[in-house]
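Q: coords below, sequence missing:
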């Protein structure tokens, strides 16, 4: 689904950037341009980023638990 119509950014793109290593809204915004034009999408995009980062951290923690 499109999150930022101005820049054509989807929720999948945001999640992919987090999967590729982004760990903050600033990093996602700089990589995608999301919320840099009108800004109406910022709250929703931040929420998606926050959820994706939390999921990535949980996956990393689970991976560490299995490694021990």
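A: Sure, I can see it. Bear in mind that the values here come from a model prediction, so they are computed numbers and not experimental data.
Q: From now on I want contacts and neighbour counts done on CA atoms only, so please keep to that.
A: Fine.
Q: Can you list phi and psi of residue 7 for me?
A: Residue 7 adopts backbone torsions of phi -110, psi 0, taken as degrees, to the nearest 10.
Q: Assess the claim that it and residue 34 are in contact.
A: Yes: with contacts counted by Cα atoms under 8 Å, residue 7 reaches residue 34, the gap being 6.1 Å.
Q: Between those two, which is the more surrounded one?
A: Neighbour comparison, residue 7 and residue 34: the larger count goes to residue 34, with 27 against 15 (by other Cα atoms under 10 Å).
Q: what's the helix or strand for that one?
A: Mapping residue 34 onto the secondary structure by DSSP states H and E places it in no helix or strand at all.
Q: ditto for residue 51
A: Under the criterion of DSSP H and E, residue 51 resides in helix 42-67.
Q: Could you name the helices and strands sitting against that helix?
A: Counting contacts by 3 or more Cα pairs under 8 Å, 6 or more residues apart in numbering; DSSP states H and E, the secondary-structure elements packed against helix 42-67 are strand 2-4, helix 11-19, helix 25-32.
Q: May I see the buried residues of the lowest-mean-pLDDT helix or strand in the chain?
A: Each helix and strand of the chain was given a mean pLDDT (mean pLDDT, DSSP states H and E); the minimum falls on helix 42-67 at a mean of 89. Of the residues in helix 42-67, 42, 45, 46, 48, 49, 50, 52, 53, 56 count as buried by neighbour count, 16 or more other Cα atoms under 10 Å.
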